[in-house]
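Enquirer: quick one: sequence and predicted model below, then my questions.
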Amino acid sequence: MSGKNVVPEARDALNRFKMEAASEVGVNLKQGYNGDLTSRQAGSVGGQMVKKMIQAYENSMK
């Protein structure tokens with residue numbers, strides 16, 4: 001993968017989604033570099049994002 005988004009607006013949407021997921025699990029993200037996060041914090045943000053995506057998909061199937 002090249003790391004480039006096919007849809008330019010997707011990067012902003014994903015960043016908003018990430019910030020929302022982080023606030024839900026109590027992780028303080030800032031714009032830009034977040035290398036000071038622990039693996040646990042980063043994993044909890046990613047896990048929350050996946051959980052929300054699965055939930056949205058399941059709701060769309062109903």
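Expert: On my side now, so go ahead. Residues are numbered from 1 along each chain as shown.
Enquirer: tell me which residues of stretch 11-23 come out buried.
Expert: Buried positions in stretch 11-23, judged by neighbour count with 16 or more other Cβ atoms under 10 Å: 18, 21-22. From N, CA and C alone the C-beta is placed, and that goes for glycine too.
Enquirer: out of those residues, who's nearest Ala10?
Expert: When the buried residues of stretch 11-23 are ranked by distance to Ala10 (Cβ to Cβ), Lys18 comes first, at 12.2 Å.
Enquirer: got phi/psi on the closest one?
Expert: Main-chain torsions, Lys18, degrees, to the nearest 10: phi -60, psi -40.
Enquirer: could I get the pLDDT score of the residue sitting nearest the centre point of the chain?
Expert: Here the mean C-alpha position of the chain is nearest to the C-alpha of Lys18 (Cα atoms, centre = their mean), at a distance of 2.9 Å. Lys18 carries a pLDDT value of 95.
Enquirer: show me the contacts for it.
Expert: By Cβ atoms under 8 Å, 6 or more residues apart in numbering, the contact set of Lys18 is 29, 45, 49.
Enquirer: out of those, which is most surrounded?
Expert: The most crowded member of those, judged by other Cβ atoms under 10 Å, is Val45 (23 neighbours).
Enquirer: that one: which element?
Expert: helix 39-61 (DSSP states H and E).
Enquirer: and that helix, which residues are buried?
Expert: Neighbour-count burial for helix 39-61 [16+ other Cβ under 10 Å]: 41, 44-45, 48-49.
Enquirer: any chance of these in CSV with pLDDT and distance to Tyr33 as columns?
Expert: Below are the buried residues of helix 39-61 laid out as CSV (pLDDT from 0 to 100; distance: Cβ to Cβ, whole Å):
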residue, pLDDT, distance to Tyr33
Gln41, 96, 14
Ser44, 97, 18
Val45, 96, 15
Gln48, 97, 20
Met49, 96, 19
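Enquirer: would you reformat these as TSV and include distance to Gln55?
Expert: TSV is the format used below for these (distance: Cβ to Cβ, whole Å):
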residue	distance to Gln55
Gln41	21
Ser44	16
Val45	16
Gln48	10
Met49	11
